[in-house]
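In: I need the structure of the sequence given here:
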Amino acid sequence: MSEQGAHTHRRESRPQLSAVSGIDPDTPETLLHRTALGDEEAFAMLYDRCAPRVYGLCLRIVRDPAQAEEVAQEALVEVWRNATRFDECRGSARAWITTIAHRKAVDRVRSAQAAGDRERRVATASVEIEYDQVAEAAEGRLEHRQVRRCLKTLTELQRQAVTLAYYGGHTYGQVATLLDTAVPTVKSRIRDGLLKLRDCLEVAR
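Out: Next comes the predicted model:
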């Protein structure tokens, strides 16, 4: 079955599943389980619902819009890459995603604080920075550089669409308007861009 046929089949089968089992196929939990199976459409729908909340949480913790955008990007990529780890018995999908975003944001704040503390100690003591301090600072920034590097592997439209969607918290319709592009094109570029980001980050690990 072709990819297009598979998507069509999923769309057609979902109402039947709902009617027979009584399960809503579009709850965050169901979308996350489908994401774990590699369903790109499910992840796109999950992203639409969660990206604004994730960015807002990161902004409240990091208190810097640019860094909050980076942290939100990292958190949502981690959701895509680790969807198989979600356990509905331990909490809701939203709580699981929020926990990932909160941890990423706190890690960013701690990393920034640690870097600032090191800089102040060096300035006060006027001593040479030891190798382990440099390694620690580099490790804290490695993933951020990897995300930025991987974003550069996307096409211009993919990068713009992903950036507006994740960083700006825009819906598909808003992204389409900003880029003067059809909504179906925006959806496909975001899905393709997320796949390329995941593959690039997997290689970088």
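
In: Quickly note the distance from Trp96 to Leu46.
Out: When distance is defined by CB to CB, to the nearest Å, Trp96 is 11 Å away from Leu46. C-beta coordinates here come from the backbone N, C-alpha and C atoms, glycine included.

In: Show me whatever sits in contact with both of the two.
Out: Common neighbours of Trp96 and Leu46, using CB atoms under 8 Å, 6 or more residues apart in numbering, are Leu32.

In: Look at the two and report which has more neighbours.
Out: Taking other CB atoms under 10 Å, Trp96 and Leu46 do not tie; Leu46 has more neighbours (27 against 21).

In: who are the neighbours in contact with that one?
Out: Contacts for Leu46 (CB under 8 Å, 6+ apart) come out as Pro28, Leu31, Leu32, Thr35, Val79, Ala93.

In: could you redo the last one with a cut-off of 10 Å?
Out: 26-32, 34-35, 39, 76, 79-80, 83, 93-94, 97 (CB atoms under 10 Å, 6 or more residues apart in numbering).

In: Buried subset of the residues you listed as a ChimeraX selection?
Out: In ChimeraX, this line selects whichever of these come out buried by 16 or more other CB atoms under 10 Å:
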select :28,29,30,31,32,34,35,39,76,79,80,83,93,94,97
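
In: Now Val175: which helix or strand?
Out: In this assignment (DSSP states H and E), Val175 forms part of helix 172-179.

In: I'd like the mean pLDDT over that helix, please.
Out: Averaging pLDDT along helix 172-179 yields 82.
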